[in-house]
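Visitor: My questions are about this predicted structure, shown below with the sequence.
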Amino acid sequence: MYVLRTLNVMVPRGAARTTAILDTALRVLARDGYERFTIDSVAAQAHASKTTIYRRWKNKAELVKAALDAHDAGYNAQVPDTGSLRGDLVATLTMLRGKTEAIPPSLYVDLIRAMEHDAELADAINRHLADPGLSPFDAPLSRSIARGETSPEVDRELVHDVAEAMLAHRLTVKAAVDTAFINRLVDDVLIVLIQGAIS
């Protein structure tokens with residue numbers, strides 16, 4: 001069961017105000033779905049003016065992208081530097097498991113469906129997905145390259161896509177994403193894939 005926090009919160013000024021608006025936007029999106037998601041609703045729930053929101057984001061698709069960008073960046077920042085590639089990969093996958101508990105997977109299904117007939121949303125989501133800096137595997141792989149564990153030629157995009165595809169499959173079939181699965185994914189798939197790039 002996904003429990004959304006109360007939406008009626010006072011929003012502070014400055015950077016914290018922007019963060020609070022994006023947090024509210026994501027919760028409204030998870031609650032209402034994209035079709036019923038409106039900037040009016042976000043403004044009302046965040047106690048912010050529509051003018052303030054439109055000054056930063058020109059339409060609801062851009063607001064959704066910004067909310068997803070901030071959400072991903074916030075979770076990525078939680079992953080510690082464990083000192084090893086394997087440790088970092090396990091920590092990253094453990095973070096991703098927790099991330100799915102914060103936002104229902106059905107939200108992403110809803111967005112994919114909406115993208116089929118909403119060009120603005122499709123463009124915004126594609127830009128979100130194409131941003132390498134938002135990949136949770138970017139920092140772990142960069143650290144591993146710096147330590148000399150991994151070749152600079154490693155295919156970061158492939159590592160990201162394989163890991164998230166396998167997690168998505170487990171969630172789709174309602175299989176456990178437990179510690180044993182995470183260890184198998186790291187040892188039998190990701191490490192093998194990454195070591196294939198070692199020259």
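Guide: That came in fine, so what should we check first?

Visitor: What sits closest to Leu26 if chain neighbours are left out?
Guide: In space, and not counting its chain neighbours, Leu26 is closest to Ala67: 4.3 Å by CB to CB, 6 or more residues apart in numbering. C-beta here means a position set from N, CA and C on the backbone, and glycine is covered the same way.

Visitor: Check which helices and strands the helix or strand harbouring the one you found is in contact with.
Guide: Assigned by DSSP states H and E, Ala67 belongs to helix 60-76. Helix 60-76 sits against helix 14-32, helix 39-46, helix 85-102, helix 119-130, with contacts defined as 3 or more CB pairs under 8 Å, 6 or more residues apart in numbering; DSSP states H and E.

Visitor: thinking again about what came up before, quick one: residues contacting the residue nearest to Leu26.
Guide: Shown in contact with Ala67 (CB atoms under 8 Å, 6 or more residues apart in numbering): 22-23, 25-26, 29.

Visitor: Using TSV, please lay out these together with distance to Lys58.
Guide: Converted to TSV, the contacts of Ala67 look like this (distance: CB to CB, whole Å):
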residue	distance to Lys58
Leu22	15
Asp23	20
Ala25	14
Leu26	18
Leu29	17
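
Visitor: Neighbour-wise, which one of the residues you listed leads?
Guide: Greatest neighbour count in the contacts of Ala67, by other CB atoms under 10 Å, goes to Ala25: 27 neighbours.

Visitor: Apart from its neighbours in sequence, what residue is nearest the residue nearest the centre of the chain?
Guide: When CA atoms, centre = their mean is applied to the chain, the residue found nearest the centroid is Asp72 (3.4 Å). Excluding the flanking residues, the one nearest Asp72 by CB to CB, 6+ apart is Leu134, at 4.7 Å.

Visitor: same thing with Asp40?
Guide: Lys50 (6.6 Å).

Visitor: For the one you found, list the residues it contacts.
Guide: 39-40, 43.

Visitor: Pick the one among those closest to Leu89.
Guide: Ile39 (38.4 Å; CB to CB).

Visitor: Surely the residue nearest to the centre of the chain and Gly133 touch.
Guide: No. Judged on CB atoms under 8 Å, Asp72 makes no contact with Gly133 at a distance of 9.5 Å.

Visitor: hmm, back to that, ok, the residue nearest to Asp72 to Asp69 distance?
Guide: Using CB to CB, to the nearest Å, we find Leu134 at a distance of 6 Å from Asp69.

Visitor: try Ala91
Guide: 21 Å.

Visitor: Then Arg31?
Guide: According to CB to CB, Arg31 stands 20 Å off from Asp69.

Visitor: go on, Thr52?
Guide: Using CB to CB, one gets 18 Å for the distance from Thr52 to Asp69.

Visitor: Enumerate every residue touching Ala15.
Guide: Here Ala15 is in contact with no residue (CB under 8 Å, 6+ apart).
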